[in-house]
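*Asks:* sequence unavailable; structure follows:
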């Protein structure tokens, strides 16, 4: 074993040593307390492990009988990790509606009516300050103020201001909490999306859904705890990629990564048995394969083999659960139609919202929707209209559906992108056309349900929607608040890797109390 392998093995061993303690003490896998091994694992506490005092061969032997068996049982029977919890959870599950590309806040939610008189004038240098610019606008010699081309109106008892592009969602504003002061340091898509989804701009960290799967487990043994649904917007362009690492587990056990559902063929790859293989044959094959994996597992104590065994068993159960999940025959025509005309088109945002609701009903812990096409560097008036037509009715229907079915109070809904857009035009400002560059200093997201105050607007921007006026919410603060809604202390949900404890919010983040009920 070379130094790199030894180091990786020791990192995995450290995270499973507490399971060995559970095994040697005879603690029930179904029992957890504040002093349980799961508490030690999630809080990053527990006695030090002196690996130098144990020969490698002896350690591996102990792993086979202690760590190995307990780790396998914990994967086959995932349990709630109580140690990361300090508050009663208000939410049991999350649906995250991610608008990939960066929606324009001043064209959707952050109304700036006074800017009409400043159209085409230069954005004051005092407003722009020393902000980093992308390579797409860094060579511009002028930064013309570009007010929105769309009308705004106030809606509901809360009086929230919403663009004419979202008439259906506007009727739901009293269920929503608008955060107009979200901010990030990232100014380009990949680091910005990675930052918001994993807590770090560089790849290599677990995603939010993976952290929740690791910390809370699954409430449905027949479906994954973390599911991903992808849709392509009406204004999406070919250079609008999404990387699978955005729903990956990184250094967490691989059973916590997101499972991406497909819109054609089997919803999950290889879900159906191949020709000539019936259910009984498949079961015999899995049993034989499990015996081989178990034998290898008991020799090496490698937790990833336990993960593989558990995932094979989950896949077998999914062969029954997933077809039932995706079969809409039990949905009324009215329910399907409420999500809009695209609800019957597999892979559309509307169809994915309906499928997400069915997953939430079945207690899937985290459902992540990615809708591409929000990167309007040019042709914003026409392209943004197309994108909003994709999402307006499905988002409103999802909120209403969750409320009517009694799920909204314990389901957290999150809507937003990786950053916002600039108030100045990218390129030439035309009489009926403009584009906007990336802007991380301030942008708008909205939340609903799951312990969030409904019908409020939190934070504000300056007169140009360029800087935050008050109550900033950094992406780390947002993630800390999301975890809090599920009863998780973001500082205590950790995983030891390469000699240090990692967490979603790294060494940052504050729960935003003003957002909470």
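*Replies:* Alright, I've got the coordinates. Just so we're clear, the structure is a prediction, and the values are computed from it rather than from any experiment.
*Asks:* and the strands in the stretch 351-500 of the chain?
*Replies:* Assigned by DSSP state E, counting those that start in this stretch, the strands in the stretch 351-500 of the chain fall at 366-372, 411-416, 420-425, 436-439, 443-448, 456-458, 460-461, 468-470, 473-474, 495-497, 500-502.
*Asks:* which residues in the stretch 151-300 of the chain form helices?
*Replies:* If DSSP state H, counting those that start in this stretch is used as the criterion, the helices of the stretch 151-300 of the chain fall at 167-170, 189-198, 208-216, 279-300.
*Asks:* just so I know, which of those helices lies nearest residue 389?
*Replies:* For the helices of the stretch 151-300 of the chain, the distance to residue 389 is smallest for helix 167-170, at 10.1 Å, taking CB to CB. For every residue, glycine as well, the C-beta is placed using N, CA and C.
*Asks:* I figured residue 319 hits residue 271, correct?
*Replies:* Yes: with contact defined as CB atoms under 8 Å, residue 319 reaches residue 271; the gap is 6.0 Å.
*Asks:* give the residue spans of the stretch 351-500 of the chain that score low on pLDDT.
*Replies:* Under the criterion pLDDT under 70, no range of the stretch 351-500 of the chain is flagged.
*Asks:* hmm, back to that, quick check: which of the strands of the stretch 351-500 of the chain is buried the most?
*Replies:* Burial among the strands of the stretch 351-500 of the chain, expressed as mean neighbours by mean count of other CB atoms under 10 Å, is greatest for strand 420-425, which shows a mean of 27.
*Asks:* what angle sits between it and strand 443-448?
*Replies:* For strand 420-425 and strand 443-448, the angle between their directions (axes from the mean of the first three to the mean of the last three CA atoms, to 10 degrees) works out to 140 degrees.
*Asks:* now do strand 420-425: everything it contacts.
*Replies:* Identification of contacts with strand 420-425 by CB atoms under 8 Å, 6 or more residues apart in numbering yields 102-107, 112, 115, 123, 137, 143-146, 376, 380, 434-440, 442-444, 464-466.
*Asks:* show me how far that strand is from its chain's centre.
*Replies:* Chain-centre distance of strand 420-425: 25 Å, with CA atoms, centre = their mean, to the nearest Å.
*Asks:* confidence score at residue 119?
*Replies:* At residue 119 the predicted local distance difference test score is 98.
*Asks:* re earlier: for residue 158, find the nearest of the helices of the stretch 151-300 of the chain.
*Replies:* Of all the helices of the stretch 151-300 of the chain, helix 167-170 sits nearest to residue 158, with 11.0 Å by CB to CB.
*Asks:* tell me what that closest one is packed against?
*Replies:* Taking 3 or more CB pairs under 8 Å, 6 or more residues apart in numbering; DSSP states H and E as contact, the helices and strands that helix 167-170 lies on are strand 160-163, helix 380-404.
*Asks:* before we move on, back to that, tell me which of the helices of the stretch 151-300 of the chain lies nearest to residue 361.
*Replies:* Residue 361 sits nearest to helix 208-216 of all the helices of the stretch 151-300 of the chain, at 17.8 Å, using CB to CB.
*Asks:* now for residue 376: which residues touch it?
*Replies:* Counting by CB under 8 Å, 6+ apart, the residues that residue 376 touches are 101, 104, 235, 383, 384, 421, 435, 436.
*Asks:* please repeat the previous calculation with a cut-off of 7 Å.
*Replies:* 104, 383, 384, 435, 436 (CB atoms under 7 Å, 6 or more residues apart in numbering).
*Asks:* I'd guessed residue 228 sits against residue 257; true?
*Replies:* No: Residue 228 is beyond contact range of residue 257, at 9.4 Å (criterion: CB atoms under 7 Å).
*Asks:* any shared contact partners between the two?
*Replies:* By the contact definition CB under 7 Å, 6+ apart, residue 228 and residue 257 are jointly contacted by residue 247.
*Asks:* any idea which of the helices of the stretch 151-300 of the chain is most buried?
*Replies:* Burial of the helices of the stretch 151-300 of the chain is given as mean neighbour count (mean count of other CB under 10 Å); helix 208-216 ranks first at a mean of 27.
*Asks:* list of residues touching that one?
*Replies:* In this structure, residues lying in contact with helix 208-216 by CB under 7 Å, 6+ apart are 42, 80-81, 84, 197, 225-226, 247-249, 252, 256-258, 365-366, 368, 479, 486, 488, 493, 504.
*Asks:* below-threshold pLDDT in the protein: ranges please.
*Replies:* Counting by pLDDT under 70, the chain shows low-confidence ranges at 1-86.
*Asks:* repeat that for 90
*Replies:* Counting by pLDDT under 90, the chain contains low-confidence residues at 1-88, 237-241, 269-272, 279, 301, 303, 306-308, 311.
*Asks:* how many residues are close by residue 480?
*Replies:* A total of 24 residues lie near residue 480 under the criterion other CB atoms under 10 Å.
*Asks:* dump the residue contacts of it.
*Replies:* Counting by CB under 7 Å, 6+ apart, residue 480 touches 490, 505, 509, 510, 511.
*Asks:* repeat for residue 163
*Replies:* Applying CB under 7 Å, 6+ apart, one finds that residue 163 lies in contact with 107, 108, 150, 152.
*Asks:* okay if I get those residues as CSV plus distance to residue 309, neighbour count and secondary structure?
*Replies:* As requested, the contacts of residue 163 are exported to CSV (distance: CB to CB, whole Å; neighbours: other CB atoms under 10 Å; DSSP: H, G, I helix; E, B strand; the rest coil):
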residue, distance to residue 309, neighbour count, secondary structure
107, 50, 27, helix
108, 47, 26, helix
150, 54, 18, coil
152, 55, 20, strand
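*Asks:* same list (the strands of the stretch 351-500 of the chain) but as JSON lines, adding distance to residue 186.
*Replies:* Shown next, in JSON lines, are these (distance: least, CB to CB, whole Å):
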{"stretch": "strand 366-372", "distance to residue 186": "17"}
{"stretch": "strand 411-416", "distance to residue 186": "14"}
{"stretch": "strand 420-425", "distance to residue 186": "12"}
{"stretch": "strand 436-439", "distance to residue 186": "9"}
{"stretch": "strand 443-448", "distance to residue 186": "11"}
{"stretch": "strand 456-458", "distance to residue 186": "22"}
{"stretch": "strand 460-461", "distance to residue 186": "18"}
{"stretch": "strand 468-470", "distance to residue 186": "16"}
{"stretch": "strand 473-474", "distance to residue 186": "11"}
{"stretch": "strand 495-497", "distance to residue 186": "23"}
{"stretch": "strand 500-502", "distance to residue 186": "19"}
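*Asks:* for residue 267, which of those strands is the nearest?
*Replies:* The closest approach between residue 267 and any of those, judged by CB to CB, belongs to strand 366-372 at 13.4 Å.
*Asks:* quick check: of the contacts of residue 480, which has the highest neighbour count?
*Replies:* Of those, residue 490 is surrounded by the most neighbours, 26 neighbours in total, counting by other CB under 10 Å.
*Asks:* ok so, going back, which among the helices of the stretch 151-300 of the chain is found nearest to residue 342?
*Replies:* Counting by CB to CB, residue 342 lies closest to helix 167-170 out of these; the figure is 13.3 Å.
*Asks:* got the contact list for that closest one?
*Replies:* With CB under 7 Å, 6+ apart as the test, helix 167-170 has contacts from 155, 162, 392, 393, 395, 396.
*Asks:* again with stretch 443-451
*Replies:* By CB under 7 Å, 6+ apart, the list of residues contacting stretch 443-451 from outside reads 90-91, 105, 108-110, 175-180, 182, 399, 402, 408-416, 419-420, 454, 485, 515-517.
*Asks:* columns distance to residue 325 on top of the helices of the stretch 151-300 of the chain, output as JSON lines?
*Replies:* Converted to JSON lines, the helices of the stretch 151-300 of the chain look like this (distance: least, CB to CB, whole Å):
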{"stretch": "helix 167-170", "distance to residue 325": "26"}
{"stretch": "helix 189-198", "distance to residue 325": "24"}
{"stretch": "helix 208-216", "distance to residue 325": "18"}
{"stretch": "helix 279-300", "distance to residue 325": "18"}
